[in-house]
Structure formats: C-alpha cells, structure tokens
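[1] Need coordinates for the following:
(one chain, ligands or ions: 1)
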Amino acid sequence: MFVERAYIRENDLPDDAERSQWPYTVPCVDQLLETGLEFQKPITIFVGDNGSGKSTLVESVAEAFGLNPEGGRLAAVHRPEGGSPLGHRLALAKTASASRMLAGPRLRKQGFFLRAETAFRLTALSGVPGYWEENTAEMSHGEGFLTVFGKMFDKPGFYVMDEPEGALSFSSCLQLVSLIHELGQTGSQVLCATHSPILAAIPGADLIEVGDHGFRRRRWQDLELVDHWRRYLEAPDRYVRHLVEE
Ligand SMILES: Nc1ncnc2c1ncn2[C@@H]1O[C@H](COP(=O)(O)OP(=O)(O)OP(=O)(O)O)[C@@H](O)[C@H]1O
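    Next up is the predicted model:
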C-alpha cells in the first residue's frame with residue numbers, strides 16, 4: 001500500500017462560495033471534505049452512474065500523488081491540460097514504507113494514471129522504447145490495450161485507472177482482472193473507476209459505490225451496477241421494451 005487516506009487539511013478547506021461550485025457540489029466530493037476517503041486494501045474499485053463523480057475522485061488522487069495522466073517518462077511527451085481544483089487541495093496520508101520508497105524524484109515514476117482515452121492514444125504509437133516494442137498500431141484496440149497495460153504494470157507502484165475496460169471484450173476484461181489482481185498481490189496499490197461488474201469482482205478488492213448519497217462501501221452482490229446487469233441479463237426485454245415502445 002502507498003496511500004492510506006485522501007483528505008483536505010483544515011487550512012485548505014474551500015470557503016462557502018467555492019463550496020457552491022463544482023467539484024464541491026458533487027456529493028462524493030462533499031463527503032470527502034467531511035470525512036476524508038480511506039483506502040483499506042491494495043485494490044479499490046469505484047463504481048457509480050455516469051456523472052456520479054468517480055473520475056473526479058480518482059483524477060484528483062492521481063494528481064495529488066504527482067501522477068501525470070500518462071505517467072512516468074511518457075509524461076514528458078504527453079502533457080496533461082491543466083489540473084483539477086480538488087487535486088491541488090487534496091492531501092494524501094502515505095504509508096511509512098511508501099514515504100521512504102518514494103522519497104525524492106522517484107515519486108513520479110512509481111506509478112501510472114491510465115484512462116481509456118489515453119490508452120487509445122498510446123496504442124496508436126508503434127512501440128514506445130523502454131515500455132513495449134510491439135507495434136500496437138497494428139493491433140486491435142483491445143489487443144493494444146492489454147499490451148500497454150501489461151507493460152506498464154511492470155513494477156510495484158501506485159496505479160490509477162479510469163474505466164480501463166473501454167475497449168475490452170468479456171474475455172479481455174478477465175485478463176485485466178488477472179493483471180490488476182496480480183498488482184495487488186505484489187506490492188502495488190490500484191484505484192480503478194469502472195462500469196464493469198467483471199472488474200468490480202476482482203477478488204479482495206474494496207468496493208466503493210459513488211452516487212447521490214456520496215460514497216459508501218458495498219459488497220459486490222449489493223452493488224446497483226451488479227443488480228442492473230443481473231436483471232438485464234435475466235430479461236433484457238423488461239428494460240428495452242420501455243425504450244422502443246411507440
Ligand atoms: N471540468 C468540469 N467542470 C464542471 N463540471 C464538471 C467538470 N468535470 C466534471 N464535471 C461534472 O462533475 C460531475 C462528476 O463528473 P465525473 O466525470 O467525475 O463523473 P463520473 O462518475 O466519472 O462519470 P462517467 O462514468 O460518465 O465517467 C458531473 O456532473 C460532471 O458533469
């Protein structure tokens with residue numbers, strides 16, 4: 001584990017005027033201001049509807065950790081645009097071993113922030129020296145994704161992912177489950193926002209459901225996401241007929 005808690009220090013709390021604006025109006029951010037956000041396991045999965053605030057949370061933690069959206073040496077090639085107001089304010093309580101390990105400039109190299117659109121751009125590159133030699137430009141999106149992920153997850157680090165399942169089929173998602181699980185077993189910490197019930201089922205992961213209520217821990221079988229998929233797969237017609245009725 002690298003980070004145990006994300007929080008905002010008393011002195012850095014936004015004033016009332018700021019709190020009436022994004023991102024503090026998003027319920028999960030409001031809760032983070034009040035309680036902080038604890039990371040209890042090597043793998044934390046955030047699920048929730050579109051717009052619930054998953055990206056806002058994981059992006060700001062990645063930023064507070066010093067991760068560039070593309071991470072490591074690639075940061076020099078693909079600079080992110082701006083930063084998030086929350087990322088600037090967020091403080092992270094690091095584990096004692098992480099603080100030792102991450103002292104100095106090594107910090108930025110000790111992890112990656114990968115979002116689907118970033119991975120798309122990376123797979124368009126025909127090999128990145130020091131990362132992967134394969135010509136991912138000649139692969140399908142899903143094949144390229146898995147190659148990029150596999151090569152980037154090569155050492156213990158703090159990995160933040162935003163909807164990495166984007167281009168992946170069912171079986172490729174299972175491969176990603178295996179990759180992420182392996183990271184959790186070998187000293188890395190992973191934060192992942194996802195809409196995939198497959199990724200949410202990574203053994204031992206801490207599941208946080210984000211929504212109008214803020215954020216809360218849940219078991220996989222109690223997630224709204226899982227409930228929707230279960231009902232849909234049982235009887236798609238129940239959902240779809242309302243959409244196509246004339
Ligand atoms: N730069 C921004 N300025 C203002 N509002 C924003 C900005 N970025 C996101 N929002 C709003 O913040 C809320 C949370 O967005 P966020 O992208 O974190 O949701 P999400 O849970 O990641 O959604 P999705 O599953 O669609 O990726 C949304 O209502 C969104 O419209």
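[2] In this protein, mark out all the strands, start to finish.
    Assigned by DSSP state E, the strands in the chain fall at 3-8, 37-38, 43-48, 90-94, 111-115, 158-162, 189-193, 206-211, 214-217.
[3] now the ones you listed as CSV including distance to residue 183?
    The way it works is simple: take the backbone N, C-alpha and C, and place the C-beta from them, glycine included. Shown next, in CSV, are those (distance: least, C-beta to C-beta, whole Å):
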stretch, distance to residue 183
strand 3-8, 14
strand 37-38, 20
strand 43-48, 7
strand 90-94, 18
strand 111-115, 10
strand 158-162, 6
strand 189-193, 5
strand 206-211, 14
strand 214-217, 21
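[4] how about low-confidence regions in the protein?
    Scanning the chain for pLDDT under 70 picks out the ranges 69-83, 100-109, 117-133, 246.
[5] which residues does residue 6 form a beta bridge with?
    Per DSSP bridges, the residues bridged to residue 6 are residue 37, residue 92.
[6] pretty sure it is in contact with residue 94, am I right?
    No. Contact criterion C-beta atoms under 8 Å: residue 6 and residue 94 do not qualify, at 10.6 Å.
[7] Put together CSV for the strands of the chain, with distance to residue 227 and mean neighbour count on each row.
    Listed next are the strands of the chain as CSV, based on distance: least, C-beta to C-beta, whole Å; neighbours: other C-beta atoms under 10 Å:
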stretch, distance to residue 227, mean neighbour count
strand 3-8, 28, 18
strand 37-38, 24, 18
strand 43-48, 11, 24
strand 90-94, 31, 17
strand 111-115, 26, 25
strand 158-162, 23, 26
strand 189-193, 19, 25
strand 206-211, 11, 21
strand 214-217, 15, 16
